[in-house]
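Participant: Give the three-dimensional model of this entry:
(6 chains)
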Number of protein chains: 6
Amino acid sequence: MTKHIRIITTHTTDVSHKMKNLEPFARHKELKFSQVKLDKGPASIECEFDEVLASPYIIGRAMEAEQDMHDPVHAIVIDCVGDPALHAAREAVRIPVLGAGETAMHVAATLGHRFSVVTIMDRVRPILENHMKMYGVYDHCASVRAVEIPVLEINKDHQRLYKLLAEEALKAVEQDKADVIVLGCTGFVGCDKHIKDYLLENGFDVPVVDPLPTTVMVAAALLEASLTHSLKTYPRPPVKLRKGYSIPDIV
Amino acid sequence: MTKHIRIITTHTTDVSHKMKNLEPFARHKELKFSQVKLDKGPASIECEFDEVLASPYIIGRAMEAEQDMHDPVHAIVIDCVGDPALHAAREAVRIPVLGAGETAMHVAATLGHRFSVVTIMDRVRPILENHMKMYGVYDHCASVRAVEIPVLEINKDHQRLYKLLAEEALKAVEQDKADVIVLGCTGFVGCDKHIKDYLLENGFDVPVVDPLPTTVMVAAALLEASLTHSLKTYPRPPVKLRKGYSIPDIV
Amino acid sequence: MTKHIRIITTHTTDVSHKMKNLEPFARHKELKFSQVKLDKGPASIECEFDEVLASPYIIGRAMEAEQDMHDPVHAIVIDCVGDPALHAAREAVRIPVLGAGETAMHVAATLGHRFSVVTIMDRVRPILENHMKMYGVYDHCASVRAVEIPVLEINKDHQRLYKLLAEEALKAVEQDKADVIVLGCTGFVGCDKHIKDYLLENGFDVPVVDPLPTTVMVAAALLEASLTHSLKTYPRPPVKLRKGYSIPDIV
Amino acid sequence: MTKHIRIITTHTTDVSHKMKNLEPFARHKELKFSQVKLDKGPASIECEFDEVLASPYIIGRAMEAEQDMHDPVHAIVIDCVGDPALHAAREAVRIPVLGAGETAMHVAATLGHRFSVVTIMDRVRPILENHMKMYGVYDHCASVRAVEIPVLEINKDHQRLYKLLAEEALKAVEQDKADVIVLGCTGFVGCDKHIKDYLLENGFDVPVVDPLPTTVMVAAALLEASLTHSLKTYPRPPVKLRKGYSIPDIV
Amino acid sequence: MTKHIRIITTHTTDVSHKMKNLEPFARHKELKFSQVKLDKGPASIECEFDEVLASPYIIGRAMEAEQDMHDPVHAIVIDCVGDPALHAAREAVRIPVLGAGETAMHVAATLGHRFSVVTIMDRVRPILENHMKMYGVYDHCASVRAVEIPVLEINKDHQRLYKLLAEEALKAVEQDKADVIVLGCTGFVGCDKHIKDYLLENGFDVPVVDPLPTTVMVAAALLEASLTHSLKTYPRPPVKLRKGYSIPDIV
Amino acid sequence: MTKHIRIITTHTTDVSHKMKNLEPFARHKELKFSQVKLDKGPASIECEFDEVLASPYIIGRAMEAEQDMHDPVHAIVIDCVGDPALHAAREAVRIPVLGAGETAMHVAATLGHRFSVVTIMDRVRPILENHMKMYGVYDHCASVRAVEIPVLEINKDHQRLYKLLAEEALKAVEQDKADVIVLGCTGFVGCDKHIKDYLLENGFDVPVVDPLPTTVMVAAALLEASLTHSLKTYPRPPVKLRKGYSIPDIV
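Facilitator: Predicted structure coming up:
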């Protein structure tokens, strides 16, 4: 049976080009990918303020996905390394919900001794390091480095982006002793090859984890292993009034 | 000059009776307390789902507070031990924003060797333990225990509430070796005395931290010491489109 | 292209029946699974002594797998929760090598707040807890429990095995506050459903991670994402004399 | 009622000028501050040797404070970032005893992601880092830096002191990625503004925690919240002979 | 050359009987042991208050030992599991100074997976756990248990003492999963055999670390390996006035 | 009675010259040292691959030692900082088995605030850091530095070796703030004095731990204190078939 994985993009900007990067993973149509973005919320995620404004709509998208009777969705991937609304979405639905950040960092922790995250701006470093402390991978982190390019400018100049990412990755390997690189933004999807090549040219054969496709593939693995999140950690939200939101079966 | 501290209650239910508990702290009108609740959002906070739905409105209340020219607010206290929207609110405003959970747990860590949190329901234990890992106080935590009373039923039977809280607190001290008790819900405001008395009757003289008044008093202390949060950790959200929200100077 | 995953069973006992449990995962022959056991070494793995005696032969199997020109192998899974020879095998070959223990524990850490491992004998608890400290998941561990059945007797009485595993799992959930159960031996393959049902009957909907199929599926995910281990963490062993071993290209 | 907070200076040198820095905090005489220094002990605290020689006299001052019937003292602040005799003093008296180091570091941990301590000499770094491990704030520490000025020379050249402190603080922010600065000696009282200004000139708006006034204000907050230390962690010293000391009710 | 190890008993009570326990370790007079107790200070160590009052005199004894030209001392052992004045004594002298607690806990950490300390009274548990956090052995600790016998009553009823120690040790092994027992008071010297026998009778072959002889033997090992403490961590106390103390070369 | 300590060199290369370095420690023949190397296995240990290939033979040497009726061995030291087969050897024999790495790092943790390991090649850094996480000394580690000299070339040019070791040690002290140096290879035996002198010339009086003699002396201390490893952590391997190995009483 075809497994349907829904990618929830966590903002309002069209990034449907990302789906091209997932095409090679469809396995002769055994896997089906669909993407939704938000109608409302921030145009990109660059701070906790953005995460808060996006999160109710992310949950809404997650509930829609689970309730779609015509085109059932089997798993959800939250398309942001900051994992906004991850735990809340797991409370809201019973199909697996994976965060691109959590998944990529756990995978990275198994690929080498220490990883560095190369992300958009230094301002998200505290957010990611806080997550690492919760997830248990903080001792595996060599550094968080940033290219200082806002999300909405990522696609303006690909060559410059590749160059800056590759240079920070090389510094992470040489100066911070990183063994693995994690791309710190799902907007960097597909940049992994450029970084990997640059590192190889400089004598370092280290894996570069591209969070979105990696997470999608791990989501497929969980589906095949019939695993979903613990209802003990993420019990259904209790029924109560929640003004301003229309939530069937929960309000 | 009178310092004005705004308590932001993180849901839509009227809990203005809480303000009575703060009256003794007004210091001959040197301190002024005001409280707002939310117009929209959940009727109470009992899971991360609730936190997500409340958080945009909490930030809205924080920004209103900072922008009020007629009755300037000098500090904000988020009235929930789960600290919803805490970091995002600090990004949104420059006056100090304190979380009742973060503050109470740091205070507890200085009052004795290990603290236990006695909270509403066991389902919030993972949320609080995740926060402890971020805040750095996880090794100071003896246990998280729950009375299994939903927030909206807290005020239905005070005697039963006191009894259950006191019994869990005693188990925390005797079985989990807790040295300090932290009330795990700001809805328990004022219950500290009952627990403390019960523990004393049973031979244990341990402090019971009531998060709301404790946090309000620490907020006053930070104001007097001219301290607010680091703009380096919590820089202003970048200007961008955030559909569905009208945010002056940020959108 | 069909991906070929080689399962290296880490002892000399025939456990080819395990392969039946992997059949459902073949994805219309997109994935191919093969299994080898050891010619020499212990009949089962129950202590570090066994791991040491098995490890040279595990590495030998890994090198054979990588060098097979007729039936290329794309990834290796070490079929033991104790992860014997895991790092050494990664040094020896460049295709991905996954440990059933490391993978299952990282997956478990993403499925809920805390996991318990239910394993064969309490004597392996220190081994697993040491690994957790290295892997970074120690703070996610609620407990390690054991059924006290030696590996070679696992298949003697399935009903008794299911019963003991289920009872320990229930104790883990109720007494140790586990949110996720990890089977602590790949010999328990297929037991997950029995435990899950028993926990559901007792009111707990928690995932049960079966390490072997879970790891095989994650291996497939890594292959699809073109990820393998860091050559920086696991560089090729230097060329030197290694008496008693015939190792092409390394000795 | 006026609350009386006693500052116990932990050495024999006159530093009564410090009290000027506390005047602005008196709140129209709601708070009263008094200071005592030691009759015997070291002239300053710069190592654990000094702490040991000062500690019996610090405890003596704490017991005197609690026993003063004419001018009752409600809380004690130990006037040293090294927190000498902190736990022992809490055993000796039942009024709250706060350490300037413990309090400042916990406050700093709530103001931003990571703090740096800028202190007198690098030789106290191990002492402070050991304390951080006990207190739980070690993961929040970016660095400990020193100006290499002995305590007794702090007041010899204020301009040089400000300059050196500001330069180390800037290095902490730029090189060590500190988000908050903690002054690492209570002798630096009042220097916070100079450092803060220098950091602002260099583009960094980060809080600078001045331990003495911050701790005094937190002490007032604890008094108002009716909190003191846990008798379970700090039980009264048992009655026994203690030669060379005359301790009413304890010897 | 005979190595002379000085045991500094940290209180004023005569415990010269302890030296009998060290006789078997003299190695045909290659090692010489001497003991001093304090002239002033508490009659026993049972809290941090006692530690503070004893510590100046402990340092005094350490300095006397180093300065004795007639009978040179080569190493010092502080005869208390609470390690009073340990770091300060290392600052004061250049010969090795070992703490019975620090040494015993590090040795225990190498003898098995987790150790339990069985000590005099539960009130010292926070002190010991704080030390474990500093020393790095906290994750190796299974529990701290107490027999609730004050130090000065240890020698009143040996049979009762052995029985209580053995019972707590057995609980530590069975309930807390301890693999090693550490005696939590140097006053328990020689009790290790009784506990070990009792555990063996109950089916557990676990080592029991007797801190005083173990530390003395490790001190001898350090002397033979020409190791002493780092002058970088423990630099000489600076010259300054220290009223009430007459300290040659330091005051 | 003379205590006989067996040094098990973990490879096939003759390093009998090392025994000269132990001669000064014989204590008038109270201690007897013997050394064996491996008949089979790698010519040196430089990666986990080498450790795996050496480990079965190390265990064999350990069992031979314990079973030698003619010249009884009382303790075993594994002559490699990587501690290969350490836990497995403890399962195999009941006399104490010490690892040069584990012992040296625990000793270093008691000699100063933080230690740096100066080792052969950077490729062993992850191995050592993983061990530190297990042993509990990771927070005491300032850095792992390497001279990039393969083990088999250590003895080719002593002057160059001393120089490189000393330079890395100085960098560790100055740049990484190390307080203690640990030699990261037992092949460096005797180099401690050269490093120590060089550091002294540069103004740093820090201890340099030479793992082999230090561990031998600690082994003697454990023997004298009648301590061996916990049978609860390291129970005897169960009797079972282990093809390719002839192991009396265990197979």
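
Participant: who's A:Arg242 bridged to?
Facilitator: Here A:Arg242 shows beta-bridge partners B:Pro42, assigned using DSSP bridges.

Participant: Low-confidence bits of the stretch 151-251 of chain A, can you list those?
Facilitator: For the stretch 151-251 of chain A, applying pLDDT under 70 flags the ranges A:248-251.

Participant: how about the helices in it?
Facilitator: Applying DSSP state H, counting those that start in this stretch to the stretch 151-251 of chain A gives helices spanning A:158-174, A:192-201, A:211-224.

Participant: List the buried residues in stretch A:142-150.
Facilitator: A:142-147, A:149 (16 or more other CB atoms under 10 Å in any protein chain shown). For every residue, glycine as well, the C-beta is placed using N, CA and C.

Participant: let me fix that: stretch A:109-128
Facilitator: Under the neighbour-count criterion of 16+ other CB under 10 Å, stretch A:109-128 has A:109-121, A:123-128 buried.

Participant: Also near chain D: which of these, exactly?
Facilitator: When contact is defined as CB under 8 Å from any CB of the partner chain, those meet chain D at A:125-126.

Participant: Measure how buried the residue in the stretch 101-250 of chain A that chain B sits nearest to is and give me the count.
Facilitator: Residue of the stretch 101-250 of chain A nearest chain B, by CB to the nearest CB: A:Gly244 (3.2 Å). Residues near A:Gly244, counting by other CB atoms under 10 Å in any protein chain shown, number 14.

Participant: Can you say which of the helices of the stretch 151-251 of chain A is packed in most?
Facilitator: Mean neighbour count (mean count of other CB atoms under 10 Å in any protein chain shown) peaks for helix A:211-224 among the helices of the stretch 151-251 of chain A, with a mean of 26.

Participant: how far is it from where the chain is centred?
Facilitator: From the chain centre to the centre of helix A:211-224 is a distance of 11 Å (CA atoms, centre = their mean, to the nearest Å).

Participant: Show me what it is packed against.
Facilitator: Here helix A:211-224 touches strand A:3-9, helix A:18-22, strand A:75-79, strand A:97-99, helix A:100-111, helix C:211-224, going by 3 or more CB pairs under 8 Å, 6 or more residues apart in numbering or on different chains; DSSP states H and E.

Participant: re earlier: is it possible to export the buried residues of stretch A:142-150 to JSON lines including pLDDT, distance to B:Asp71 and secondary structure?
Facilitator: As requested, the buried residues of stretch A:142-150 are exported to JSON lines (pLDDT from 0 to 100; distance: CB to CB, whole Å; DSSP: H, G, I helix; E, B strand; the rest coil):
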{"residue": "A:Ala142", "pLDDT": "98", "distance to B:Asp71": "49", "secondary structure": "strand"}
{"residue": "A:Ser143", "pLDDT": "98", "distance to B:Asp71": "45", "secondary structure": "strand"}
{"residue": "A:Val144", "pLDDT": "98", "distance to B:Asp71": "41", "secondary structure": "strand"}
{"residue": "A:Arg145", "pLDDT": "98", "distance to B:Asp71": "44", "secondary structure": "strand"}
{"residue": "A:Ala146", "pLDDT": "98", "distance to B:Asp71": "40", "secondary structure": "strand"}
{"residue": "A:Val147", "pLDDT": "97", "distance to B:Asp71": "44", "secondary structure": "coil"}
{"residue": "A:Ile149", "pLDDT": "93", "distance to B:Asp71": "41", "secondary structure": "coil"}
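
Participant: D:Val97: which of those is nearest?
Facilitator: For the buried residues of stretch A:142-150, the residue nearest D:Val97 by CB to CB is A:Val144; the value is 38.9 Å.

Participant: beta partners of that closest one?
Facilitator: A:Val117.

Participant: So for chain A, the centremost residue is which one?
Facilitator: In chain A, the residue lying closest to the centroid (CA atoms, centre = their mean) is A:Ala100, at 2.2 Å.

Participant: Need the pLDDT of that one.
Facilitator: A:Ala100 is assigned 98 on the pLDDT scale.

Participant: where does chain A come near chain F, residue by residue?
Facilitator: Neighbours of chain F within chain A, by CB under 8 Å from any CB: A:113, A:139, A:177, A:179.

Participant: will you turn these into a markdown table that also has distance to C:Thr228?
Facilitator: Listed next are the residues of chain A next to chain F as a markdown table, based on distance: CB to CB, whole Å:
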| residue | distance to C:Thr228 |
| --- | --- |
| A:His113 | 15 |
| A:Asp139 | 23 |
| A:Lys177 | 20 |
| A:Asp179 | 12 |
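
Participant: can you pick the most crowded of these?
Facilitator: A:Asp179 (26 neighbours).

Participant: show me the residues around that residue that make contact.
Facilitator: A:111-115, A:142, A:173, A:206, C:230, C:232-233, F:126 (CB atoms under 8 Å, 6 or more residues apart in numbering or on different chains).

Participant: Helix or strand: which one has the residue of the stretch 101-250 of chain A found nearest chain D?
Facilitator: Using CB to the nearest CB, the closest approach of the stretch 101-250 of chain A to chain D is made by A:Pro126 at 3.8 Å. For A:Pro126, the host element (DSSP states H and E) is helix A:125-135.

Participant: What of A:Arg61?
Facilitator: helix A:48-67.

Participant: could you dump the helices of the stretch 151-251 of chain A to a markdown table with distance to E:Asp71?
Facilitator: Formatted as a markdown table, the helices of the stretch 151-251 of chain A follow (distance: least, CB to CB, whole Å):
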| stretch | distance to E:Asp71 |
| --- | --- |
| helix A:158-174 | 56 |
| helix A:192-201 | 64 |
| helix A:211-224 | 69 |
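
Participant: Let me know which of those helices is the nearest to B:Arg160.
Facilitator: helix A:211-224 (42.6 Å).

Participant: contacts for the closest one?
Facilitator: Helix A:211-224 is contacted from outside by A:3, A:5, A:7, A:18, A:21-22, A:25, A:31, A:33, A:74-77, A:79, A:81, A:96, A:98-101, A:103-104, A:107, A:182-183, A:186, A:189, A:228, C:25, C:107, C:213-214, C:217-218, C:220-222, C:224-225, C:227, using CB under 8 Å, 6+ apart.

Participant: Could you write me a PyMOL select line covering just the buried ones among the residues you listed?
Facilitator: PyMOL command restricting those to the buried ones, with burial defined by 16+ other CB under 10 Å:
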select buried, (chain A and resi 3+5+7+18+21+22+25+31+33+74+75+76+77+79+81+96+98+99+100+101+103+104+107+182+183+186+189+228) or (chain C and resi 25+107+213+214+217+218+220+221+222+224+225+227)
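
Participant: and the gap between the residue of the stretch 101-250 of chain A closest to chain D and chain E?
Facilitator: Plainly put, A:Pro126 is 24 Å away from chain E if you go by CB to the nearest CB, to the nearest Å.

Participant: Closest to B:Tyr57 out of the contacts of A:Asp179?
Facilitator: Distances from B:Tyr57 to the contacts of A:Asp179, taken by CB to CB, are shortest for A:Phe115, at 36.7 Å.

Participant: ok, that closest one touching A:Ala178?
Facilitator: Yes - contact criterion CB atoms under 8 Å: A:Phe115 and A:Ala178 qualify, at 6.0 Å.
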